[in-house]
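> What follows is a predicted structure for the sequence shown.
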Amino acid sequence: MSEKISEKFTGFGLSPALLKAIERQKYEDPSPIQIQTIPAVMAGHDVLAAAQTGTGKTAAYTLPILDHLSKGSKVRPNHVRALILTPTRELAAQVYESVTNYSRFMPLHSTVVYGGVKINPQMIRLTKGMDILVATPGRLLDLYRQNTVNFQQLEILILDEADRMLNLGFLPEIREIQALIPSKRQTLMFTATFSDEVRALAKDFVSHPVEISVNPEEITVDSVTQWIYPVDKLKKSSLLLKLIRDNHWDKILIFTKTKNGADHLSRKLLKAGIATATIHGNKSQGARSRALAEFKSDKLSILVATDLAARGLDIDQLPLVVNFDLPHLKEDYIHRIGRTGRAGATGEAISFVCFDDFEKLADIERLTKQVLDRRIVEGFEPEKALPESQLDLRPFKPKKPKKMKKPKDLL
């Protein structure tokens, strides 16, 4: 075994096949979430963990469950031994990619299922049985109703981004799945925040869990340099084009508030001769996958995305995130800027803020516990100046859960 893998990884007691895969991924030291989670999962405990994409959480739960599954019984046709539920198609695809990478030297079967694509190929794959199934809730239930998936052999359930699943209104689907799976199982729940709603869900899903928190907000914020540009709403597009040209930016992930806003901005950038694509809920899965692949391979300079579509995007060496619009939810600011500054790297995140956004800005600064630097660009001074920030360090009170519309599995 290579000396590049630290004793901390080898000390977990993972199988040689997994250590070989870890070496292939060029991992050296385990992250804080991995150090705490892997031993707890391998000991058979339920886990309730605060962690987000970019902290190494996927490996934290995937490595130990693969180790467990490699020592167990053979999966039967149409059965599943471990189920990973995710809120979005992009996150499901990303988790499945990780599962594939870590299990490459193991005789285990895995697949991913989500909406927006044809169901028949997914049904055919499931006939031989899967050690690990990564799924979005809606498509999983569709497959169950067609008698394509059986949960009698299920040993492990993972709820990834549980808070996002609740925010998107997936609670009825999660409850329905809960009623279908064995009560005797190991359950791992990952969330960005321990909200009252998440704790209420955990009460019914996990039994005497090991609670783990790696302070994900601080990890993300510390690795990303952030500042804002005060600007009037109607001048944001022009300011963006000026900054791209003046700074020679060539790889940017831009967030907009709406799907229409993403399309509108993309058209302006394309008209200016900048290779751009969009990812949002109205795009087909094929179009979204192509756009992401082209962005990763540097065929595109800019990817414009909405919050729901962007969860789970894993892009290496992304230097800059632009918040063209501030997010609806202050917590999504953390997830957005977490696309850069990943895995020990540094990154930059800028935000365009107009006068009407000041309350959102104040909430973001309160959440991140810092006043963001302001930079005024000559010729783009806002007609209505932003008020000065007064940092509020009081903790936020948890909000009561809202009644959500029934979600579609096309996020």
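That came in fine, so what should we check first?

> Identify the bridge partners of the closest residue to Q153 other than its chain neighbours.
Leaving aside its chain neighbours, Q153 sits nearest to H79 (4.2 Å; criterion: CB to CB, 6 or more residues apart in numbering). In short, each C-beta sits where N, CA and C put it, glycine included. Listed by DSSP bridges, the beta-bridge partners for H79 are N150.

> Please report how far H79 lies from P121.
Separation of H79 from P121 (CB to CB, to the nearest Å): 19 Å.

> Between these two, point out the one with more neighbours.
More neighbours surround H79 than the other of H79 and P121, with 19 against 11 (other CB atoms under 10 Å).

> Local confidence estimate at the more buried one?
H79 carries a pLDDT value of 97.

> I figured it hits Q152, correct?
Yes - contact criterion CB atoms under 8 Å: H79 and Q152 qualify, at 6.3 Å.

> List the contacts of the residue nearest to Q153.
G129, M130, V149, N150, F151, Q152, Q153, L154 (CB atoms under 8 Å, 6 or more residues apart in numbering).

> distance of it from M106?
Relative to M106, H79 is positioned 18 Å away (CB to CB).

> where does L159 fall, phi/psi-wise?
phi -100, psi 110 (degrees, to the nearest 10).

> Same question for F151.
Torsion angles, degrees, to the nearest 10, at F151: phi -110, psi 10.

> for R89, same thing?
Dihedral angles for R89 - degrees, to the nearest 10 - are phi -60, psi -40.

> Just give me the neighbour total for the closest residue to it other than its chain neighbours.
Nearest non-adjacent residue to R89, counting by CB to CB, 6+ apart: Y114, 4.2 Å away. By other CB under 10 Å, 25 other residues sit near Y114.

> Am I right that Y114 is in contact with P137?
No - in this structure Y114 lies outside contact range of P137 using CB under 8 Å: 9.7 Å.

> quick one: pLDDT of R89?
Among the per-residue scores, R89 shows a pLDDT of 87.

> From T191, how far out is it?
Using CB to CB, R89 is found at 20 Å from T191.

> got the contact list for F358?
By CB under 8 Å, 6+ apart, F358 lies in contact with L386, P387.

> need the next SSE after the helix or strand bottoming out on mean pLDDT in the chain, C-terminal direction.
When the helices and strands of the chain are scored by mean pLDDT, DSSP states H and E, helix 216-222 comes last with a mean of 52. Downstream of helix 216-222, the next assigned helix or strand under DSSP states H and E is strand 224-230.

> so what does that following strand touch, helix or strand wise?
strand 347-353, strand 373-374 (3 or more CB pairs under 8 Å, 6 or more residues apart in numbering; DSSP states H and E).

> residues near I177, how many?
If you count neighbours by other CB under 10 Å, I177 ends up with 20.

> again, but for the one 10 residues further on
Residues contacting T187 under the criterion other CB under 10 Å number 20.

> buried set for the helix or strand containing it?
T187 is located in strand 186-191, with elements delineated by DSSP H and E. By 16 or more other CB atoms under 10 Å, the buried positions in strand 186-191 come out as Q186, T187, L188, M189, F190, T191.

> give the contact list for the first one.
What that stands for is Q186. Applying CB under 8 Å, 6+ apart, we find Q186 in contact with V41, G44, H45, D46, E155, I156, L157.

> What's the per-residue pLDDT of it here?
97.

> ok so, going back, from the buried residues of strand 186-191, pick the one nearest V371.
For those, the minimum distance to V371 (CB to CB) is 27.7 Å, reached by T191.

> what's the closest non-adjacent residue to K242?
Residue nearest to K242 in three dimensions, not counting chain neighbours: V377, with 6.9 Å by CB to CB, 6+ apart.

> Hmm, L241 and that neighbour touching each other?
No - contact status for V377 versus L241: not in contact, 11.6 Å apart, counting by CB under 8 Å.

> Quick check on I212: phi, psi?
Phi and psi for I212, reported as degrees, to the nearest 10, are phi -130, psi 140.

> An error on my part: the question was meant for L85.
phi -100, psi 130.

> What number of residues are in the vicinity of the nearest residue to it once chain neighbours are set aside?
Taking CB to CB, 6+ apart as the measure, L85 lies nearest to L159, with 5.3 Å between them; neighbours along the chain are not counted. If you count neighbours by other CB under 10 Å, L159 ends up with 29.

> In contact with L159, which residues are there?
Taking CB under 8 Å, 6+ apart, we find L159 in contact with L85, M165, I174, T187, L188, M189, F190, L201, F205.

> likewise K271?
K271 is in contact with no residue at all, counting by CB under 8 Å, 6+ apart.

> Break the protein into its domains for me.
Following automatic domain parsing, one gets these domains for the chain: 7-214, 218-374.

> what about these, which gets the closest to P387?
Distance to P387, taken as CB to CB, is lowest for domain 218-374 among these, at 5.7 Å.

> quick one, helices of the stretch 251-400 of the chain?
259-271, 285-296, 307-310, 330-337, 358-368 (DSSP state H, counting those that start in this stretch).

> For burial, what's the neighbour tally of the residue nearest to R336 when sequence neighbours are not counted?
Of all residues beyond its chain neighbours, the one nearest R336 is F255 (5.2 Å), with distances taken as CB to CB, 6+ apart. Using other CB under 10 Å, F255 has 28 other residues around it.

> was I right about F255 contacting T306?
Yes - the criterion here is CB under 8 Å, and F255 meets it with T306 at 7.2 Å.
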